[in-house]
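Asker: Quick one, structure for this:
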Amino acid sequence: MAFGAGLVVLSAWAAWLSRAEEVRPGLLAAWGLAWGLSLLACRVAAGVEAREGARFPLVVILAASALSHACLVLAPPALSDDLYRYVHDGRVLASGRNPYAFAPADLQVTGALGAETERVNHPEVPTAYPPLAQLGFALPVILGSGLTGLKTGLSGLGLVLSGLLALLLAPGFRHRVVLVAWHPLLLLEVGGSGHVDVAAVTFVVAALYFLRSGGPTDPKRRRWAAFMLVLGAWTKLLPGAWALALRFRLRWPLVVLTVVLSAAAVLPTLTVKQERKQPGLLAYAEHWDFNGVVYPPLRAGIERFELKRRLDAVVVPRWPELARWTGPQFTTRALLGLGFLLVVLWAGGRRAREEGHVPVETALAPAAAFVIFSPTLHPWYLTWVLPFLALRRGWAWPWLCGMVGASYASALAAGDGAWEELAWPRWIEHGGFVVLLLVDRFRPRGPEERLTV
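Answerer: Numbering: from 1, shown residues only. I've put the predicted structure just below:
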């Protein structure tokens, strides 16, 4: 109870600080305190569950999370301005326009939409969010609740995510829900900033729940799991990768159908032509990079090796139109994309230790590969890994999920200007992560740590 009350007080403090609508040192302190509180509460809750058994007060964990979200949804977003893009897209769709056909800058000129349009980051870039996300953005606009309504809905999905994890965890491990429900990623990035990633992550965990509850011979549950993955892909694209990672449970015909339907979610973002504008998804894939784990050293190595010069000597004389694709920016991203696909396929080739169960490492693989290989690693991207803090023991991923908040130091250093990425947060986040990943790899594990879902 005392820990829960402390979390609510921390969240109220963070909400008060958010009134400035900018990254402030106090918000980063609240992040660190909430992270530490969740780790300490997990340690205490483990002893409580060992004593209480089935009477473990899970409702206290969820209630404290709900009250904390209630404090934060009423405050303006401070750590990120993505929410303004969401509401802008929702207003475009609610007004009967195609959100993929207009960049926010186009509508700023005409003054056609609300105040959120003027606060959209990169207004010259069209939206990259899939159709189901667009419908989710439009609903609170239609209901007249705007920013607060969207944050409330996403916070509700965060609580659903915690509840699903409680169902997935076996007795004796349910206290680990606190690592997710009280984590600053869920509180500050969802309740505070309203990031839509939590919706897609919830669909992925729902798919794992259907696979776990149905057993290996239940085709109806497999179909429900595939449906959840498609809904997730139509919200944030990435969940389609889980169809490949879980292929030995879904079976190939359903895997193919799921991948095809998931891939269809990108079509609206790519097929709408705008004069002199690159589709939003392609602009993001080609140009964005920040706080990447592998991208900076790999690109530096490619530049040192002078790969462009070598490729140009072989490729350009025969196919001159490929000259723009031989630069280090594209070749690095192509190699990372290939690495992501290979990791997902490799993970999907592993078999569960017990028939009917999915190893947590297999379920984690698409999220882990995304985080490691993505050129851009904003703090809220770690939301994809967050559920596995409860489902899987180890030190590396909890470290990265907690310390990723240090990347906001770039915003503090920039003040009102453009972010200039600082080197020292990456050394802390990624250096500690790599060291702890090696420790986790070679640390002996007892049978109780080999969790499955």
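
Asker: wait, doesn't Arg223 sit right on Leu254?
Answerer: Yes - with contact defined as CB atoms under 8 Å, Arg223 and Leu254 form a contacting pair (6.8 Å). The C-beta positions use only the backbone N, C-alpha and C, and glycine is treated the same way.

Asker: Compare neighbour counts for those two and give me the winner.
Answerer: A count of neighbours by other CB atoms under 10 Å puts Leu254 above the other of Arg223 and Leu254, at 20 against 16.

Asker: where's that one, which helix or strand?
Answerer: helix 252-263 (DSSP states H and E).

Asker: which secondary structure elements does the following helix or strand past that helix contact?
Answerer: Per DSSP H and E, the first helix or strand lying C-terminal to helix 252-263 is helix 267-271. The helices and strands touching helix 267-271, judged by 3 or more CB pairs under 8 Å, 6 or more residues apart in numbering; DSSP states H and E, are helix 280-287.

Asker: Show me what the helix it packs on is packed up against.
Answerer: On a contact count with 3+ CB pairs under 8 Å, 6+ apart, helix 280-287 meets helix 267-271, helix 328-348.

Asker: which stretch in these is the model least sure about?
Answerer: Mean pLDDT is lowest for helix 267-271 among the helices and strands packed on helix 280-287, at a mean of 81.

Asker: Same question for that one: list its buried residues.
Answerer: Within helix 267-271, the residues that qualify as buried by neighbour count (16 or more other CB atoms under 10 Å) are 268-269.

Asker: I'd like the distance from that helix to the chain centre, please.
Answerer: 22 Å (CA atoms, centre = their mean, to the nearest Å).

Asker: What residues of stretch 239-250 count as buried?
Answerer: In stretch 239-250, counting by 16+ other CB under 10 Å, buried: 239-250.

Asker: contact partners of it?
Answerer: 200, 203-204, 207, 211, 216, 222, 225-226, 228-233, 255, 258-259, 262-263, 265, 340, 344-345, 347-349, 351, 358, 362-363, 365-366, 369-370 (CB atoms under 8 Å, 6 or more residues apart in numbering).

Asker: Among the residues you listed, the buried ones, what's the ChimeraX command?
Answerer: Buried subset of the contacts of stretch 239-250, written as a ChimeraX selection, criterion 16+ other CB under 10 Å:
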select :200,203,204,207,211,222,225,226,228,229,230,231,232,233,255,258,259,262,265,340,344,347,348,358,362,363,365,366,369,370
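
Asker: wait, isn't Leu364 in contact with Phe388?
Answerer: Yes - taking CB under 8 Å as the definition, Leu364 is a contact partner of Phe388 at 4.7 Å.

Asker: quick one: which of these two has more around it?
Answerer: Set Leu364 next to Phe388 and count neighbours by other CB under 10 Å: Phe388 wins out with 24 against 21.

Asker: can you pull the contacts of that one?
Answerer: Counting by CB under 8 Å, 6+ apart, Phe388 makes contact with 360, 363-364, 367, 397.

Asker: ok, so of these, who is nearest Gly114?
Answerer: Nearest to Gly114 among the contacts of Phe388, counting by CB to CB, is Ala367 at 34.4 Å.

Asker: check contacts around the closest one.
Answerer: In this structure, Ala367 makes contact with 238, 384-385, 388, judged by CB under 8 Å, 6+ apart.

Asker: Where does pLDDT dip in the stretch 101-250 of the chain?
Answerer: Scanning the stretch 101-250 of the chain for pLDDT under 70 picks out 108-113, 214-217.

Asker: That one: helices as residue ranges?
Answerer: 104-110, 131-143, 146-168, 178-181, 184-186, 197-214, 219-236, 240-245, 247-250 (DSSP state H, counting those that start in this stretch).

Asker: Make JSON lines out of the contacts of Phe388 and add pLDDT, distance to Ala41 and secondary structure.
Answerer: Output for those, formatted as JSON lines (pLDDT from 0 to 100; distance: CB to CB, whole Å; DSSP: H, G, I helix; E, B strand; the rest coil):
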{"residue": "Val360", "pLDDT": "84", "distance to Ala41": "22", "secondary structure": "helix"}
{"residue": "Ala363", "pLDDT": "90", "distance to Ala41": "25", "secondary structure": "helix"}
{"residue": "Leu364", "pLDDT": "93", "distance to Ala41": "23", "secondary structure": "helix"}
{"residue": "Ala367", "pLDDT": "96", "distance to Ala41": "24", "secondary structure": "helix"}
{"residue": "Trp397", "pLDDT": "96", "distance to Ala41": "18", "secondary structure": "helix"}
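
Asker: how about TSV for the buried residues of stretch 239-250, with distance to Pro317 added?
Answerer: Formatted as TSV, those follow (distance: CB to CB, whole Å):
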residue	distance to Pro317
Pro239	42
Gly240	38
Ala241	37
Trp242	42
Ala243	41
Leu244	37
Ala245	41
Leu246	45
Arg247	41
Phe248	45
Arg249	48
Leu250	46
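
Asker: which SS class is the residue located most distally from the centre of the chain?
Answerer: Relative to the C-alpha centroid of the chain, counting by CA atoms, centre = their mean, Pro317 is the outermost residue, at 41.8 Å. Secondary structure, DSSP: H, G, I helix; E, B strand; the rest coil: Pro317 is coil.

Asker: by contact count, what packs against the helix ranked longest in the chain?
Answerer: Longest helix of the chain, by residue count under DSSP state H: helix 25-52. In terms of contacts (3+ CB pairs under 8 Å, 6+ apart), helix 25-52 is packed against helix 2-17, helix 178-181, helix 184-186, helix 396-403, helix 409-414.

Asker: In CSV: those helices, plus mean neighbour count.
Answerer: Shown next, in CSV, are these (neighbours: other CB atoms under 10 Å):
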stretch, mean neighbour count
helix 2-17, 19
helix 178-181, 28
helix 184-186, 29
helix 396-403, 22
helix 409-414, 16
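
Asker: Any idea which of the ones you listed gets closest to Leu159?
Answerer: Of all the helices and strands packed on helix 25-52, helix 178-181 sits nearest to Leu159, with 7.6 Å by CB to CB.
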